[in-house]
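# Provided below for reference: sequence and predicted model.
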Amino acid sequence: MITEFLGSGSKSIEFASETIPTAGTLVWVFNDVSVYDFIDGLEGTETQASIEYLLSDGTVADTATLTFGTPVSNAGFDVIKVTISNTQGAPLVMAGSVRVYNPTTADGGNWDRTTGTPNYLTPNIPADDVGATGSRIKKGWFTDLEITSLPTVNGTTLVPGGYTSLTATTDFATTAASTSTITMVTDQTSNIVPGMPIKFTLSSTVYYAICTAIAANLLTIAGAPLTTTASALTALSYGPTEKVSTMMFSINGQFADAASGTLLQSDLLTNVKWTKGLSYCVMISHIVETDDTGANQPAVNVDINSAAVGTSNTNEGKDVAETWTDTVIDINNSNYDINYGETIEISTDAGGSNNNAVDLTVIITFVMP
C-alpha cells in the first residue's frame, strides 16, 4: 500500500510494505513541486532510485540518482518522477518513504507523518520536527528516550524534581505583588491548589514555599519571603503534594511556665531528628486549648539544629491563641533548610502574663526540593 502525505512545505509517499516483483519497478510521480528545493528518502532494503526531473509538458529536463537518506537538490522542476528498481533477484518488500520538500516552509523538511502498516515517523535530519502543536502525533512507543531540553506537557515545562515550571511574564509577573503574593498572568487555578509546594527564584537564588491561596490573578504563599524588587522573580514552579510533609507535636498541660528552648525534650520527654533528605520548613502552625489568663500570650517557635526558624517577635515566634496561628513569610530563609540527622525543637519565651497557657499543639510543614 502506498500512502501520500501532503503538507504545506512537503509531499511524501510511504511504501507501507509495498512489494516490488522480481526485476520489477515502482514508479511515483510528484506533481507541482517547483516550490520545493530537495528530494530524499528513507528505505531499509533498497538503497537507490532513479529520478527524472520533468517539465510541465512531460519533457525530461534532467536525471539523477537518489540515494536513500541523502537529500538531492531539486532546483525547482515542475514534476519529479521516481523509479525504484528491484535488483535483489527476489520480490522486494519496501518499508520506507520518499519526499520532496522546502525546508523554509512551515512543515518543510519534516517527516511529519507516515501512514499505513506499520504506522511510524521517520525524521531525517537533526533539524527535523515530528508533528506540530496543532497537528499532534497520537501515540509513541520507545525503549529509550533521550532529550536535551526539559519536556513540555500540555504547554507547561517540567523541571527536575517533579516541579512544573511556569513561564516568566507569560504566566506570572516578574515583580512580586507583595512579599507573600505573586501576580498571575494566566489562570493557574486548575493546576495549583492550596497545599502544593512552590519553588521560586529571586536573582538566581532558589527558595521554597507552600501555596495557601490561589485565584485567577494572584498566588499567595507561605514560606521564604518574596521581594518586590522590580523583575527579581525570574522563575516560578509548582510541585506535587507528595513533596509536602508535616510533623505534629502535642504538649499537654502548662508549657510556658518558664522560657525554654527544649520543650520537646523537657515537657514531652522526647528527642527528634530529621530522617529524610534535604527539605525546607515553610510553615509553623500552633494552637492552644486555653490561652494565658492575662493580657499577654507566650510566643512559640521551631528551632532546626538550634537555629530559630520563625522571625516574629524578634525570633521568638508568633504568640499562641485558641485558634490556629500560622507563619506566612516570617521565616528565616537562612535557617529553614533541614538535612538528614539534624535536630528539631520547639521553644517558648514564657511571655504570657500569668504563664498558664495550656495544651499546645504545633504542626511543622516541610517541602522537599
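Received, thanks.
# so which residues of the stretch 1-150 of the chain form strands?
Taking DSSP state E, counting those that start in this stretch as the criterion, the stretch 1-150 of the chain carries its strands at 3-6, 10-14, 19-20, 25-31, 38-42, 48-54, 60-67, 72-73, 79-85, 92-93, 97-101.
# looking at these, which is buried most?
Among the strands of the stretch 1-150 of the chain, judged by mean count of other C-beta atoms under 10 Å, the one packed with the most neighbours on average is strand 97-101 (a mean of 26). (C-beta placed from N, C-alpha, C; glycine too.)
# and the angle from that one to strand 48-54?
Going by axes from the mean of the first three to the mean of the last three C-alpha atoms, to 10 degrees, strand 97-101 is angled at 40 degrees with respect to strand 48-54.
# for strand 97-101, packing partners?
Under the contact definition 3 or more C-beta pairs under 8 Å, 6 or more residues apart in numbering; DSSP states H and E, strand 97-101 sits against strand 10-14, strand 38-42.
# strand partners of the last one, parallel vs antiparallel please.
Read it as strand 38-42. strand 72-73 (antiparallel), strand 97-101 (antiparallel) (DSSP bridges).
# what lies in contact with that strand?
Contact partners of strand 38-42, identified using C-beta atoms under 8 Å, 6 or more residues apart in numbering, comprise 30, 49, 51, 66, 68-74, 80, 82, 96-103, 109, 111, 122, 124.
# I'd guessed I344 sits against I304; true?
Yes. The pair formed by I344 and I304 meets the contact definition of C-beta atoms under 8 Å, at 6.1 Å.
# so what sits against both of the two?
274, 338.
# so what's S266 up against?
By C-beta under 8 Å, 6+ apart, the residues touching S266 are S260.
# next one: it from M184, what distance?
To M184, S266 is 45 Å away according to C-beta to C-beta, to the nearest Å.
# before we move on, what about R99?
According to C-beta to C-beta, R99 stands 44 Å off from M184.
# roughly how far does the closest residue to L66 other than its chain neighbours sit from G351?
Among residues not flanking L66 along the chain, A49 sits closest, at 4.6 Å (C-beta to C-beta, 6 or more residues apart in numbering). In this view, A49 and G351 are 89 Å apart by C-beta to C-beta.
# ditto for A61
The span separating A61 from G351 equals 95 Å under the rule C-beta to C-beta.
# quick check, N313 in a helix?
Yes. Remark: N313 belongs to a helix, assigned using DSSP: H, G, I helix; E, B strand; the rest coil.
# tell me the contacts of it?
299, 319, 349, 351.
# and what of T104?
Listed by C-beta under 8 Å, 6+ apart, the contact set of T104 reads G9.
# Y36 versus that one, what's the distance?
Relative to Y36, T104 is positioned 10 Å away (C-beta to C-beta).
# do you know how far the residue lying farthest from the centre of the chain is from A49?
Here the chain has its C-alpha centre computed as a mean, and the residue farthest from that point, by C-alpha atoms, centre = their mean, is T59 with 55.3 Å. Applying C-beta to C-beta, one obtains 21 Å for the distance of T59 from A49.
# quick check: domain ranges of this structure?
Annotated domains of the chain cover 3-101, 152-239, 243-367 [automatic domain parsing].
# which of these has the lowest mean pLDDT?
For the domains of the chain, the stretch scoring lowest in mean pLDDT is domain 3-101; its value is a mean of 87.
# how far does that one sit from the chain's center?
How far domain 3-101 lies from its chain's middle: 41 Å, per C-alpha atoms, centre = their mean, to the nearest Å.
# same list, the domains of the chain, but as CSV with distance to L145 please.
Output for those, formatted as CSV (distance: least, C-beta to C-beta, whole Å):
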stretch, distance to L145
domain 3-101, 20
domain 152-239, 13
domain 243-367, 24
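# all helices of the stretch 151-300 of the chain, in order?
Assigned by DSSP state H, counting those that start in this stretch, the stretch 151-300 of the chain shows helices spanning 263-266.
# what segments of it are strands?
Listed in chain order, the strands of the stretch 151-300 of the chain (DSSP E, counting those that start in this stretch) span 152-153, 156-159, 163-166, 181-183, 197-202, 205-215, 218-223, 233-238, 244-254, 272-273, 279-290, 299-304.
# give me the buried positions along the fourth one.
Spelled out, it's strand 181-183. Neighbour counts using 16 or more other C-beta atoms under 10 Å place 181-182 of strand 181-183 among the buried residues.
# same thing with the last one?
Buried positions in strand 299-304, judged by neighbour count with 16+ other C-beta under 10 Å: 299-304.
# the nearest residue to S12 once chain neighbours are set aside and D62, how far apart?
Excluding its sequence neighbours, the residue lying closest to S12 (C-beta to C-beta, 6+ apart) is R99, at 3.4 Å. The span separating R99 from D62 equals 19 Å under the rule C-beta to C-beta.
# and if you look at P194?
The gap separating P194 from D62 is 69 Å, by C-beta to C-beta.
# state the distance from the residue nearest to L66 to D37.
Counting by C-beta to C-beta, the separation of A49 from D37 is 19 Å.
# ok, T67 next?
In this view, T67 and D37 are 17 Å apart by C-beta to C-beta.
# now swap in S306 and tell me
The span separating S306 from D37 equals 70 Å under the rule C-beta to C-beta.
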